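K.L.:
With the sequence up front, the predicted model follows.
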Amino acid sequence: MNKFFLLFLFGLTIISCNSVTENTMIVTGNVKGLKKGTIYLQKIKDTVLVSVDSIQVNGDENFNLTTELESPEIFYLYLDRVDNFEFNDRITFFAEPGTITINTAWNTFATKAKISGSESHKKYEEFQKNASRFNTISLELIQKAELPEIKGNSEALDSIGKLMDKNNLRGYLYALNYSLNNKNSYIAPYLALTEVPDASVKYLDSIYNSLSPEVSNSMYGKKLKKHIATVKSKK
């Protein structure tokens, strides 16, 4: 083999290795049954949803996307199908550096996705699974309140209202406790900002002050610190 060609290959290898840093996230996986479309890797930047990488699919169900992260944060995997199928098109996941694998299918893209490779996402899934119980109870109570025999019964409606308030409080307290009990996870400041931002400042302070140095210096940690300062300035 020509020695110049060997040097060329060696140079490409060095470039390839150098392009992956400790902050690089690689999102790889498979969309079963997908024949044609575009898969986008997205995030929220300055309140706007932006695409940071994309890949066109034309017969190959596998995909590979990359980006650099400031710190672990929520990302989205969006599928733009050519068949104008409008449902189940965006997967939400907690991104972090390293390789994250997302396997799913074209017709159950968001609902049946299997995600691995992110410890932050494991915590996010755990929270979502438990929090969904409170959402289910709320939905059941709302449906019960719509029943003909309940609608005209003020006493029954008042009872349902109290049950809803109690359930909402339980869900709220669960989010607070989950944040406090996961001080070493990036999920803690994220939940404080998205689930209980209106909590008493003493609780928000407790969450922030319990965070590990690495988490408090993350993007969500810094945002929580700023949010707490804003709340205090209004008092």
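P.N.:
Received it, and whenever you're ready, just let me know what you need.
K.L.:
and residue 28, that one's in a strand?
P.N.:
Yes - counting by DSSP: H, G, I helix; E, B strand; the rest coil, residue 28 is found in a strand.
K.L.:
Look at it and report its pLDDT.
P.N.:
With respect to pLDDT, residue 28 has a value of 97.
K.L.:
any idea how far residue 148 is from the closest residue to it other than its chain neighbours?
P.N.:
The shortest distance from residue 28 to any non-neighbouring residue, by C-beta to C-beta, 6 or more residues apart in numbering, is to residue 64 (4.8 Å). Just so you know, the C-beta spots here come from the backbone N, C-alpha and C atoms, and that holds for glycine as well. Going from residue 64 to residue 148 by C-beta to C-beta, to the nearest Å gives 55 Å.
K.L.:
which regions of this structure sit below the pLDDT cut-off?
P.N.:
1-18, 82-88 (pLDDT under 70).
K.L.:
Strands along that one, start to end?
P.N.:
Secondary structure of the chain (DSSP state E): strands at 24-32, 36-45, 48-58, 62-68, 73-81, 90-95, 98-105, 114-116.
K.L.:
Run through who's touching the shortest one.
P.N.:
So that's strand 114-116. The contact list for strand 114-116 (C-beta atoms under 8 Å, 6 or more residues apart in numbering) reads 91, 93, 100, 101, 102, 103, 104, 121, 125.
K.L.:
Can you flag the buried ones in those residues?
P.N.:
Buried by 16 or more other C-beta atoms under 10 Å: 91, 93, 100, 102, 103, 104, 121, out of those.
K.L.:
Does the fifth one touch residue 27 like I think?
P.N.:
By that I understand residue 103. No - using C-beta atoms under 8 Å, residue 103 makes no contact with residue 27, being 11.4 Å away.
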